[in-house]
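> no sequence on hand, only this structure:
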Ligand code: MG
């Protein structure tokens, strides 16, 4: 007899991308007006990538690069929220629902606060959860490091999954 699957799974995700001119800034699936955007093979949504990696981690499936390699032309300019949705399907298939998600985005500019509600809604919709189960926090580093100098942004995410009742 195989052991019963855990009631809860927890995963942690991290990502960083460089800020460059001539790119759109998309965070948590929300386009944000800013003179610079994040550079990357996909749409470079650093927040979505951290959440996706947290989800993949909770499921014990490795990392985002293994599933969505940036050497694969299919993912050029990809909508990262669609990749997150795909990763969430793997949770569903294994009988898990989102318990809660907490994300910290580190960015010196622009201010994230006005966009947090939109990000929560987008993330909750993709993760089939109520927006109250999703928390997004923006932080600066008071000018220190690559985020503080405006060279890039980074995101940290913790996801908790809950086993769905059978049937
Ligand atoms: Mg990334």
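Cool, got the structure. All of these numbers come straight from a predicted model, not from anything done at the bench.
> CA only for contacts and neighbour counts going forward, please
Fine.
> okay, residue 47 and residue 84: tell me how far apart.
10 Å (CA to CA, to the nearest Å).
> which of those two has more neighbours?
Set residue 47 next to residue 84 and count neighbours by other CA atoms under 10 Å: residue 47 wins out with 31 against 22.
> ok, residues contacting the helix or strand harbouring the more buried one?
For residue 47, the host element (DSSP states H and E) is helix 46-58. For helix 46-58, the surrounding residues in contact (CA atoms under 8 Å, 6 or more residues apart in numbering) are 9-17, 27-29, 38, 62-64, 80-81, 83-84, 87-88, 91, 103, 105, 153-161.
> what about it, distance to the chain center?
Mean-position distance between helix 46-58 and its chain equals 5 Å (CA atoms, centre = their mean, to the nearest Å).
> next: stretch 34-54.
Centre-to-centre, stretch 34-54 and its host chain are 8 Å apart (CA atoms, centre = their mean).
> residue 13 reaches residue 157, doesn't it?
Yes - at 4.9 Å, residue 13 counts as touching residue 157 under the criterion of CA atoms under 8 Å.
> please point out which parts of the worst-scoring helix or strand of the chain on mean pLDDT sit buried.
The helix or strand of the chain with the poorest confidence is helix 64-67; it has a mean of 91 (mean pLDDT, DSSP states H and E). For helix 64-67, a neighbour-count test (16 or more other CA atoms under 10 Å) marks residue 64 as buried.
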